[in-house]
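A.B. asks: dropping the sequence and predicted coords here.
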Amino acid sequence: MSIEAKNENKEFKPLIVAFCCNWCSYAGADLAGSSRLAYPADVKIIRVPCSCRVNPLFILRAFQKGADGVILCGCHPGDCHYSTGNYYARRRMTLLFSMLDYLGVENGRTRVEWVSAAEGVKFSQTMNEFVEKIYSLGENVRLEDLRCKKN
Amino acid sequence: MQEELIRRAKELLGDGTVVRVMGWRKGDLSFNPEPALFETEESLAEFVYDGFCGANLSKYMIKLSKLEGKTLVFLKPCDTYSFNQLVKEHRVDREKAYIIGVGCDGSLDVDAMKEKGAKGIQEITEDGDTVTVRAIYGDKTFDREDVILERCRACKGGAHMVYDELASNADEEKPARDGRFSLVEKIEVMDPKERFAFWQNELSRCIRCNACRNVCPACSCIKCVFDNDRYDTAQKANADTFEEQMFHIIRAFHVAGRCTDCGECSRVCPEHIPLHLLNRKFIKDINTFYGDYQAGADTDSRAPLTNFTTEDVEPSIVQERG
Amino acid sequence: MQRIGVFVCHCGTNIAGTVDVKRVVEAVKKEPGVVYAEDYQYMCSEAGQQKIADAVKNEHLTGIVICSCSPRMHEGTFRKAAEKAGLNPYLVEIANIREQCSWIHKDMEEGTEKAVILARAAIAKVMLNAPLQPGESRVVKRALVIGGGIAGIQTALDIADAGYEVDIVEKTPSIGGRMSQLDKTFPTLDCSSCILTPKMGEVNAHEKINIYTYSEVEKVSGFVGDFSVDIRKKARYVDMDKCTGCGLCQEKCPSRKTPNEFNRGLNTRPAIYTPFAQAVPNVPVIDTEACIKFKTGKCGVCSKVCAAGAIDYTQKDEIITREYGAIVVATGFDTINLDKFDEYYYNQSKDVITALELERLMNAAGPTGGNVVRLSNGEHPKNIVFIQCVGSRDVTCRGKSYCSKICCMYTAKQAMLLKDHYPDVDVHVFYIDVRTPGKNFDEFYRRAVEEYDVDYIKGQVGKVSEAENGRLLVQGVDLIDNRQIKMEADLVVLATAIEPNKDVRKIATMLTASIDNNNFLTEAHPKLRPVESPTAGIFLSGVCQGPKDIPETVAQAGAAAIKVVGLLAKDKLVTNPCTAQSNPLFCNGCSACEKVCPYGAISYEEQQVMDGGVRENRRVAVVNSALCQGCGACTVACPSGAMDLKGFSNRQILAEVDAICR
């Protein structure tokens, strides 16, 4: 779809960024792919070595740039390829998501899900659910607007 | 009180215990003393200590730790938390500081006095629980309680976390006050749109003067991430507006688990943005999710964000609790 | 100026079926920095790789993006191709437009649009890639095998025969594992101990093999080539050097009521015991929970009768630390707990037994001396019913969704042996399917049906209960004849599902090896790397990876061994260059990064730093790149952004976010 066509068609197409750890969730996404378990094309995956590599900055950047939802997937607690990475990620994301909620970004727009390399089904289900949730929430506030009052 | 501190500072300079004194100096008005370094006994004539000495001096100790010899520094109870936190992060050297713990009855807020009708302030005198303002358009007397900074209404108590000696006005028994999170809770119960509007109303006033960052004892990076062009966020190196727009959120996250809630950010903000409510939100969440934690209460505990338990709550708690 | 080349793979129709590759090529050509783009049928083929090499040379490319399958599949292939063409292999990025695009989307429009965005993200990232040089790390020329069953034994022997030292750590007092409990083996019916015992002896005698029985792995640190492992040698209370293995202590021990684990609790054993006669080492252990001396302080019979003076009640657990280059997991299996399978009456009746218990009953060294009897009354059973798939292929939460794989064959074996020994018995087998893939397997099963007249009934048993005459009542269905079956039986044998050993989760966590939902260890690749864990330096042998029979286990054990040998034969390992790196100019020395590093790879040192013309001594973080595994935890803990991760830098990831959110 060209950009012009997109503008004409006002139908809401969400922009969703998924950060996936290389060892479990990215592999889970691959398994979803090789099992042909569909989920909407709105989801775009960024590969990171571990969920603990995801800096809150990356998520804020996505929201600043107009993302409607951001999801972080990592190995199940206890199964981190690097032993403890996802435990740190869990704390960081809990606090960040709570802060985003506090600032007025609906809490349904942020999610962490633990998906193992064997859980292609779960990956696909999670993405379907998340996309559905974002559709129900509609277009996001633009985080960048926090700094400029429009009235 | 001021005389006692000057006398003691002179003694310590005189006997060679310290080679300089970090304190406050009289400002150009009666309500704006400023942090100052004194290197001679004579210069201490300008030393001042009163209700307007809200400035937290612990951050100055980063640079002063690098100098030869000890520095005498005066720390109010809440300032000592910041000092400890800096010791913990290897930013100040405990051995390079001689700390006199001074007492504090709550820092005064000149804006509150102005709001309450004091116009053209010429002189302010403190007398226990009352504060008297001599002003061009009429004198005013206030209950001290009504004109202290918001941060002092949630005072952490009179105890100093670290000191070499205590001044005579130090009251280690003075209890902490409640209600630290009441303003945070007010925001939490709003709906998302109201919250966004609330913060938009506050943060849109920011003029990016960097006062909050520069005064913050936790924001002590040699080079701030926002000035680090390797991050692709430096405003001058990049036409991008990321730093500009996300500044306060990222700053709050960077000090999460390290912020002692000293309230300096809000005190210095020329636009009166309640920045400490961002930090307090993190503190409240940390206390709720991971157990009570006070940054700077000690120098060896693990900060909440460099720690974990296998049973930590999942991020979905943010949705579940509504 | 960057000169980026983009190569879009059709993957036959796998990608080209849902992504208009020509349009992707046209779209990426418009991206800044892209000077070359083309598509090809199979980018990973020789010809495809040649196209990349040619473009690198002819177009003087400074970075390449391959739009293809997952980087987990072919990143290595394309990096090598780049390297051959003279481009640093880390200047390659993959846009995953197969697994994460063409395979999950049906609409060509949607697929193409997404493929272009994924390509743009990869282009944005590769623009910021830096050439990286791998480092080197040492290889300790010794392997650890966890588990001393047939899998562990075979792996250890094969590694040791290649000339490398091997340690076996076995939790129980003897090596031998499940195979030592079996009577005969399919499809040749040779006696299990007759083929296993010589191997146990060989391991014991091998000068390159060290056996730590009654020992457990306690802690693992390090990484491929250089692991450090703490092994807990539990106190045996018997001196290994002094004991002659005469067995007198076991004979005289007055505490004799403990269920015999080796015989699956079908009889009892003394408090001081070796699990079975051919145990290696042939040195008993004292079970302190059963020992009267340990419980009351009185007794000491074993010490009195031991002529060698080997009994030592003061022995303590000992922890030894050993270094290894590679670790093989061979922790084997157990049968599942049957508490939730009340319909089979297992917990209620002594005459309902598991197939493994039947092995012990059939074994000449077993609790009944090889006589198969009803345990309730000691009589010979006349009518025997086998029930297949007890907990296997069971999608309810109480069972296992997978096929345990060995049951069809051992049931045929047990049925034939029973008919052979006791020609008067009737044997019935209730089954869902009979699965006999394997050399000479189907022939074996057919013999059971055709020569031995074993009655195979397709259908499941709904209930086993006690009949009034004291026999068992089996109620089931025959799906072929479509009738209800009610028959009396003297013995019911359950083909109980197998599951990985309970300890495997703990071990996997220590090894940071991944595990699936059923607790089987995950392979690095299900088809192409079946004996390696995704965690480098960890290898898989036997049932810990998935159900398998003895020949398959032995084959896999050998395969794991050759992988280990291949690793140990290297003098140095090339390390992952995607490690963390701290910029001393920005570092505050606050120690946040050090606290979150799982590898202890970060330390601090005083460094002289030139900052804006000022020379200053600062405490700064230093990363040991041989220890760093590149997780990136430190990069987020660092408030100043001094710490960054090569290959996944802050700028690179932000560029990807920007490209996607454009």
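C.D. replies: Arrived safely, thanks for sending.
A.B. asks: only C-alpha atoms for contact and neighbour calcs from this point on.
C.D. replies: Fine.
A.B. asks: kindly tell me how buried the residue of the stretch 301-450 of chain C found nearest chain B is, as a neighbour count.
C.D. replies: Nearest residue of the stretch 301-450 of chain C to chain B (CA to the nearest CA) works out as C:Cys397 at 24.0 Å. Look at C:Cys397: counted by other CA atoms under 10 Å in any protein chain shown, it has 9 neighbours.
A.B. asks: any idea which element it lies in?
C.D. replies: Using DSSP states H and E, C:Cys397 falls within no helix or strand.
A.B. asks: any idea how far it lies from A:Ala118?
C.D. replies: 18 Å (CA to CA, to the nearest Å).
A.B. asks: with B:Thr80 instead?
C.D. replies: Per CA to CA, B:Thr80 is found 51 Å from A:Ala118.
A.B. asks: and those two? Which one has more around it.
C.D. replies: B:Thr80 (27 against 21).
A.B. asks: distance of that one from chain A?
C.D. replies: Distance, B:Thr80 to chain A, by CA to the nearest CA, to the nearest Å: 26 Å.
A.B. asks: what segments of the stretch 1-150 of chain B are strands?
C.D. replies: B:20-25, B:34-38, B:71-75, B:97-101, B:121-127, B:130-135, B:140-143 (DSSP state E, counting those that start in this stretch).
A.B. asks: those strands: lowest mean pLDDT?
C.D. replies: When these are compared by mean pLDDT, strand B:121-127 comes last with a mean of 87.
A.B. asks: so which elements touch it?
C.D. replies: Packing partners of strand B:121-127 (3 or more CA pairs under 8 Å, 6 or more residues apart in numbering or on different chains; DSSP states H and E): strand B:130-135.
A.B. asks: output the strand it packs on as PDB - backbone C-alpha positions only.
C.D. replies: In PDB, the C-alpha atoms belonging to strand B:130-135 read as follows (Å, rounded to 0.1, in the frame of the first residue of the first chain):
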ATOM      1  CA  THR B 130       6.600  31.100  63.000                       C
ATOM      2  CA  VAL B 131       8.100  32.900  60.100                       C
ATOM      3  CA  THR B 132       7.800  36.700  59.800                       C
ATOM      4  CA  VAL B 133       8.200  38.500  56.500                       C
ATOM      5  CA  ARG B 134       8.900  42.200  56.300                       C
ATOM      6  CA  ALA B 135       7.700  43.400  52.900                       C
END
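A.B. asks: who's in contact with that strand?
C.D. replies: Defining contact as CA atoms under 8 Å, 6 or more residues apart in numbering or on different chains, one finds that strand B:130-135 is touched by B:118-126, B:139-144.
A.B. asks: which of those residues has the most neighbours?
C.D. replies: Within the contacts of strand B:130-135, neighbour counts (other CA under 10 Å) peak at B:Ala118, which reaches 22 neighbours.
A.B. asks: now it: how far from B:Phe142?
C.D. replies: Applying CA to CA, the value for B:Ala118 to B:Phe142 is 10 Å.
A.B. asks: what does B:Ser220 give?
C.D. replies: 37 Å.
A.B. asks: can you list the domains in chain B?
C.D. replies: Domain segmentation of chain B under automatic domain parsing yields B:1-107+B:154-177, B:110-147, B:179-322.
A.B. asks: nearest to A:Arg92, of the ones you listed?
C.D. replies: Between A:Arg92 and those, the shortest gap by CA to CA is with domain B:179-322, which sits at 6.6 Å.
A.B. asks: now C:Val657, nearest residue through space, not along the chain?
C.D. replies: Closest residue in space to C:Val657, ignoring its immediate chain neighbours: A:Ala62 at 6.0 Å, by CA to CA, 6 or more residues apart in numbering or on different chains.
A.B. asks: name the helix or strand for that neighbour, please.
C.D. replies: Applying DSSP H and E, one finds A:Ala62 within helix A:56-64.
A.B. asks: touching that helix from outside, list them.
C.D. replies: Contacts for helix A:56-64 (CA under 8 Å, 6+ apart): A:17, A:69-70, A:92-93, A:96, A:142-144, B:242, B:245-246, B:250, C:636, C:653-654, C:657-658, C:661.
A.B. asks: buried ones from the residues you listed, can you make that a ChimeraX selection?
C.D. replies: Entered in ChimeraX, the line below selects the buried ones among the contacts of helix A:56-64, by 16 or more other CA atoms under 10 Å in any protein chain shown:
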select /A:17,69,70,92,93,96,143,144 /B:242,245,246,250 /C:636,653,654,657,658,661
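A.B. asks: is it true that A:Asn128 lies in a helix?
C.D. replies: Yes - A:Asn128 forms part of a helix when assessed by DSSP: H, G, I helix; E, B strand; the rest coil.
A.B. asks: and the residue nearest to it when sequence neighbours are not counted, how far is that from chain B?
C.D. replies: Of all residues not flanking A:Asn128 in the chain, A:Tyr39 sits nearest, at 5.4 Å (CA to CA, 6+ apart). Distance, A:Tyr39 to chain B, by CA to the nearest CA: 21 Å.
A.B. asks: please apply the same query to A:Gly74.
C.D. replies: 12 Å.
A.B. asks: chain center to stretch B:176-191: distance?
C.D. replies: Centroid displacement of stretch B:176-191 relative to its chain, using CA atoms, centre = their mean, to the nearest Å, is 19 Å.
A.B. asks: got the CA coordinates for it in CSV?
C.D. replies: C-alpha atoms of stretch B:176-191 as CSV (Å, rounded to 0.1, in the frame of the first residue of the first chain):
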residue,chain,number,x,y,z
ALA,B,176,9.3,10.7,59.6
ARG,B,177,6.1,12.1,58.3
ASP,B,178,3.3,10.2,56.5
GLY,B,179,1.6,10.9,53.2
ARG,B,180,4.6,10.7,51.0
PHE,B,181,2.6,9.1,48.2
SER,B,182,-0.7,10.9,48.5
LEU,B,183,-0.1,13.1,45.4
VAL,B,184,1.1,10.1,43.4
GLU,B,185,-2.1,8.3,44.4
LYS,B,186,-4.2,11.2,43.2
ILE,B,187,-2.7,10.8,39.8
GLU,B,188,-3.0,7.0,39.8
VAL,B,189,-6.8,7.1,40.2
MET,B,190,-7.3,9.4,37.2
ASP,B,191,-8.2,7.7,33.9
